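Asks: Coordinates for the following, if possible.
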Amino acid sequence: MRKILDKMFGNTKLAILIPTLVSAILYLLFIMFGVAEDKMEIIITTPIAAVFWFLGSFLVFYVQVKNRYCREGFLNFFEFSATLFFGIYSIIDAISVVISGFQSFTPTTVAGLLTYASIAWAHSKRTK
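Replies: The predicted structure follows:
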């Protein structure tokens, strides 16, 4: 699994930049085209929640990366399963938001994408 993770996060800058840009684009398209009863609340809470989610998920993975008592097999499984889950979730949710005409956007829409980016950042801190 480590080889798969190394290939997925081989270019760390792109692995962080692309999901972050996609989440920002979805957010901006919601601001322009979305219609919701609580649109102002969503517009305000999304960037705040995104920052806390990104840093929190990075911290969870980074602590495990730097924990010398954490077995590499467990860490590989933990990273891979989280990447797979949040990757699939974010793709399905992004497609759902686009199909709905940006009406189903919530702050959790960006969570999956930012989790992928934070895992990529934490993975870059691993020693070979």
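Asks: helices and strands around the helix or strand harbouring residue 28, which ones?
Replies: Residue 28 is part of helix 12-33, with elements assigned from DSSP states H and E. Applying 3 or more CB pairs under 8 Å, 6 or more residues apart in numbering; DSSP states H and E, we find helix 12-33 packed against helix 39-66, helix 72-99, helix 109-123. All C-beta atoms are positioned from the backbone trio N, CA, C, and that covers glycine.
Asks: ok, and which of these has the densest surroundings?
Replies: Among the helices and strands packed on helix 12-33, the stretch with the highest mean neighbour count (mean count of other CB atoms under 10 Å) is helix 109-123, at a mean of 24.
Asks: Which positions in the least confident helix or strand in the chain by mean pLDDT come out as buried?
Replies: Least confident helix or strand of the chain, by mean pLDDT, DSSP states H and E, is helix 2-8 with a mean of 89. Under the neighbour-count criterion of 16 or more other CB atoms under 10 Å, helix 2-8 has 5, 8 buried.
Asks: just for the protein, where's the confidence low?
Replies: In the predicted model, the chain carries pLDDT under 70 at residues 128.
Asks: and the gap between residue 59 and residue 121?
Replies: Per CB to CB, to the nearest Å, residue 59 is found 11 Å from residue 121.
Asks: so how far is residue 77 from residue 64?
Replies: Using CB to CB, we find residue 64 at a distance of 11 Å from residue 77.
Asks: Can you give the contact residues for the helix holding residue 28?
Replies: Under the contact criterion CB atoms under 8 Å, 6 or more residues apart in numbering, helix 12-33 has outside partners 8-9, 42-43, 46-47, 50, 90, 94, 97-98, 101-102, 105, 109-110, 113-114, 116-117, 120-121, 123-124.
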